[in-house]
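Participant: this is a predicted model, with the sequence first.
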Amino acid sequence: MPLQNGSDVRGVAVEGVPGEKQTLNATVAYFMGCGLAEQLAKRAGVSTQSLRVSIGRDPRISGPLLAAALAAGLTSKGVSVARFGYATTPAMFMSTIIEGYQYDAAVMITASHLPYNRNGFKFFTKEGGYEKKDITELLALAAEEHTAEDAPNTAADARYRDDAFVLSCALHSEPGLIEQVDFMPVYAAHLREIIKKGVDHPDHPDQPLKGFKIVVDAGNGSGGFLASDVLAPLGADTSGRQQPNQLECSQGTYQRKGSQFLDPDGWFPNHVPNPEDKAAMIAGVKAVNTSRADLGIVVDTDVDRSAVVAGNGTPINSNRYIALMSYITLRKYSGTTIVTDSVTSNGLTEFIEGLGGKHFRYRRGYKNVIGKGVELNGQGVPTELMMETSGHGAMKENYYLDDGTYSASQIVIVMVKRHLEGLGKDIYGSLLADLKEPVESSEFRLKLKGSDFKEDGQKILASFHDWVQNGASGAEGWILEKENHEGWRVSIDEGEGKRGWCLLRASLHDPLLVLNAESDVRGGSCEIVRQVVRFFEENADESTVDSSKLYQGCSLEMVRH
Ligand SMILES: O=P(O)(O)OC[C@H]1O[C@H](O)[C@H](O)[C@@H](O)[C@@H]1O
């Protein structure tokens, strides 16, 4: 897809800097590369000439330009660069680990599940993803380079003409330092080994998935290789229906239904690849139902998030996905702690505790969730799984890597092993029977209007705390949860032994307050929201927050289970 004067590369976010959306273009990517060269060389105590960095990208339309600019910045300092083309975020990290490759650092160009015109960089060394402090240091180094006298003098004029800028950089960079590397087949082989070892099939160890139909919905992101290069070579039927009379007519040709949207297309023409997105999950369910598959796998653009669909068509994302991964983890590591984000259902805690595990309900943000797991292990608290309702999940045994591929592989392994034990192919009814789900759940995102939105949001949250604690009218039977790591989660007595909850918190990245509510009774979610409306009417100034969404009726944003 041709780029138009770089207009498509605006609004880039650098992962790891919550709330500070960078307006990056190729010029900035170039300087990011210069900064990265310097930062890594300093850390490793080696010259930039001996550094090796890999760059991958998802199919987002401005990816090639940003990759070229980043590579030009790195090579201008003498760093060797490997360009992988389409890749996934977990694959990029693994390029720092897998023998024979072991790059000093890896960069993924992606904005995860966000639309085609958004971009971000994710940086890795073999120690893991960059933390906020690493990004801050990198941005400072990049900014220094930007203002340095020896910066290419074309930068200023070309700022808004990124393609021209990249071209001029390319002319100055040393092509001998850039190598095109076909890494994804290596990574796919690594994943196949994980599944083979995990299943350890007594009869056909190299084809452990023979006899299973598994379909993938990659949403035209980078995850299509899972069907063709991982599952199919292991013996799975990834196409679905076998009978000619069941083929579906599409655009005049008969096609086998099954895995879908496998080809990378940065415009995401079918649905945004995102397991949190209803359209994406509906598409995954449809693929499983029409192909009568045993399992469906739905991934986001860069495949650090995933969800699955059970053979009976039940979508397993959010709380259900965490529950399933908790079951798998607790079978291997009994009694372990599982860290999740803050909006998980009460039923999930009961489920984890029922299996003998401990649930640490922390904050939103996968980096926060994983970081807490690392911290707990450091303190001697065994913590094997860290997972968000968004589909981000990491296991200690997998380098604490936020890896949707690994989670989905674990589910494939368990399904096959259970089948070998004579327990059938079902992974829903039998494994999640004890997971209590709320009757209703809802989420409302309320805009903070002012320039001091952070402060305004904190003030509103403080009043909400007092409003609940003082038992204000409307908040009778509302009790602040004992552990609150962001905003205020309230446990709500709904009568007859039933309990709902709501959480009011500030969004991680945007000027928003977010209200989540779950209820154990029909109409209960609306009732909770009605009380929160009362709180806003009495305590929040209309000029600082737009709470009108709450009035627009619960029905719009409420999901009935
Ligand atoms: O705080 P919010 O606006 O709900 O967003 C929070 C979410 O932002 C992104 O999607 C991150 O990838 C998630 O890890 C995080 O949980």
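Facilitator: That came in fine, so what should we check first?

Participant: who's in contact with whichever residue of the stretch 201-350 of the chain sits closest to the ligand?
Facilitator: Nearest residue of the stretch 201-350 of the chain to the ligand: Asp341, at 5.9 Å (Cβ to the nearest ligand atom). Where C-beta positions appear, they are placed from N, C-alpha and C, glycine not excepted. Contact analysis of Asp341 by Cβ atoms under 8 Å, 6 or more residues apart in numbering lists 361-366, 368-369, 388-390.

Participant: okay, and which of those map to helices?
Facilitator: Residues of the contacts of Asp341 located in helices (DSSP state H): 366, 368-369.

Participant: for the stretch 101-250 of the chain, just list every one of the strands.
Facilitator: 105-109, 119-125, 128-129, 178-180, 214-217, 248-250 (DSSP state E, counting those that start in this stretch).

Participant: quick check: mean pLDDT across the fourth one?
Facilitator: Averaging the model's pLDDT scores along strand 178-180 yields 95.

Participant: now do the shortest one
Facilitator: Within the predicted structure, the mean pLDDT of strand 128-129 is 92.

Participant: list the contacts of it.
Facilitator: With Cβ under 8 Å, 6+ apart as the test, strand 128-129 has contacts from 15-16, 93, 122-123, 367, 399-402.

Participant: make a markdown table from these and add pLDDT and distance to Lys425 to it.
Facilitator: Shown next, in a markdown table, are the contacts of strand 128-129 (pLDDT from 0 to 100; distance: Cβ to Cβ, whole Å):
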| residue | pLDDT | distance to Lys425 |
| --- | --- | --- |
| Glu15 | 51 | 37 |
| Gly16 | 44 | 40 |
| Phe93 | 97 | 31 |
| Lys122 | 92 | 35 |
| Phe123 | 93 | 40 |
| Lys367 | 91 | 35 |
| Tyr399 | 97 | 30 |
| Tyr400 | 97 | 31 |
| Leu401 | 96 | 28 |
| Asp402 | 95 | 28 |
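
Participant: closest one to the ligand out of those residues, please.
Facilitator: Nearest to the ligand among those, counting by Cβ to the nearest ligand atom, is Lys367 at 7.0 Å.

Participant: tell me how many other residues crowd the closest one.
Facilitator: When neighbours are counted by other Cβ atoms under 10 Å, Lys367 registers 19.

Participant: how close does it get to Tyr428?
Facilitator: Distance, Lys367 to Tyr428, by Cβ to Cβ, to the nearest Å: 30 Å.

Participant: in the stretch 1-150 of the chain, what residue is nearest the ligand?
Facilitator: Taking Cβ to the nearest ligand atom, the stretch 1-150 of the chain has Ser112 as its residue nearest the ligand, at 5.9 Å.

Participant: circling back: nearest to Gln531 among the contacts of strand 128-129?
Facilitator: Nearest to Gln531 out of the contacts of strand 128-129 is Lys367 (Cβ to Cβ; 32.7 Å).

Participant: how close does the closest one sit to Glu397?
Facilitator: Taking Cβ to Cβ, one finds Lys367 at 19 Å from Glu397.

Participant: Ala280 too?
Facilitator: Ala280 sits 28 Å away from Glu397, taking Cβ to Cβ as the criterion.

Participant: now distance to the ligand and mean neighbour count too, for the strands of the stretch 101-250 of the chain, in a markdown table please.
Facilitator: Output for the strands of the stretch 101-250 of the chain, formatted as a markdown table (distance: least, Cβ to the nearest ligand atom, whole Å; neighbours: other Cβ atoms under 10 Å):
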| stretch | distance to the ligand | mean neighbour count |
| --- | --- | --- |
| strand 105-109 | 13 | 27 |
| strand 119-125 | 10 | 24 |
| strand 128-129 | 12 | 22 |
| strand 178-180 | 30 | 14 |
| strand 214-217 | 19 | 30 |
| strand 248-250 | 33 | 10 |
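
Participant: and of these, who's closest to Glu437?
Facilitator: Comparing the strands of the stretch 101-250 of the chain by Cβ to Cβ, strand 214-217 comes nearest, at 23.2 Å.

Participant: who touches that closest one?
Facilitator: By Cβ under 8 Å, 6+ apart, the residues outside strand 214-217 that reach it are 223-224, 226-227, 231, 236-240, 258-262, 273, 280, 283-284, 287-288, 291, 293-299, 412.

Participant: quick revisit: for the residue of the stretch 1-150 of the chain closest to the ligand, list the residues it contacts.
Facilitator: Counting by Cβ under 8 Å, 6+ apart, the residues that Ser112 touches are 15, 89, 120, 300-302, 304-305.

Participant: can you do 7 Å?
Facilitator: The contact partners of Ser112, by Cβ atoms under 7 Å, 6 or more residues apart in numbering, come to 300-302, 304.

Participant: pull the most distant pair out of the residues you listed.
Facilitator: Pairwise distances across the contacts of Ser112 (Cβ to Cβ) peak at 9.2 Å, for the pair Thr301 and Asp304.

Participant: the residue nearest to Lys210 when sequence neighbours are not counted: neighbour count?
Facilitator: Nearest residue to Lys210, sequence neighbours excluded (Cβ to Cβ, 6 or more residues apart in numbering): Gly235, at 3.5 Å. Here the number of neighbours of Gly235 (other Cβ under 10 Å) works out to 15.

Participant: quick check, Ile411 in a helix?
Facilitator: Yes - checked against DSSP: H, G, I helix; E, B strand; the rest coil, Ile411 lies within a helix.

Participant: show me what contacts it?
Facilitator: By Cβ under 7 Å, 6+ apart, Ile411 lies in contact with 308, 324, 427.

Participant: I'd say Met395 and Glu384 touch.
Facilitator: Yes - here Met395 lies in contact with Glu384, judged by Cβ atoms under 7 Å, at a distance of 6.1 Å.

Participant: give the residues shared as contacts by these two.
Facilitator: Joint contacts of Met395 and Glu384 (Cβ under 7 Å, 6+ apart) are Thr329.

Participant: which other helices and strands contact the top helix by length along the chain?
Facilitator: Under DSSP H, the helix in the chain containing the largest number of residues is helix 26-44. Applying 3 or more Cβ pairs under 7 Å, 6 or more residues apart in numbering; DSSP states H and E, one finds that helix 26-44 contacts helix 63-75, helix 132-147, helix 162-172.

Participant: show me what the longest one is packed up against.
Facilitator: The elements that helix 132-147 packs onto, with contact taken as 3+ Cβ pairs under 7 Å, 6+ apart, are helix 26-44.

Participant: next secondary structure after the helix it packs on?
Facilitator: strand 52-57 (DSSP states H and E).

Participant: give me the neighbour count for Arg118.
Facilitator: Arg118: 18 neighbours (other Cβ under 10 Å).

Participant: tally of neighbours for the nearest residue to Thr96 once chain neighbours are set aside?
Facilitator: Spatial nearest neighbour of Thr96, excluding adjacent residues (Cβ to Cβ, 6+ apart): Lys126 at 4.2 Å. Burial of Lys126 is recorded as 15 neighbouring residues (other Cβ under 10 Å).

Participant: kindly check the end-to-end length of stretch 385-395 for me.
Facilitator: In stretch 385-395, first residue to last residue: 5 Å (Cα to Cα, to the nearest Å).

Participant: same check, this time on stretch 208-222
Facilitator: 24 Å.

Participant: how far does stretch 412-431 sit from its chain's centre?
Facilitator: 26 Å (Cα atoms, centre = their mean, to the nearest Å).
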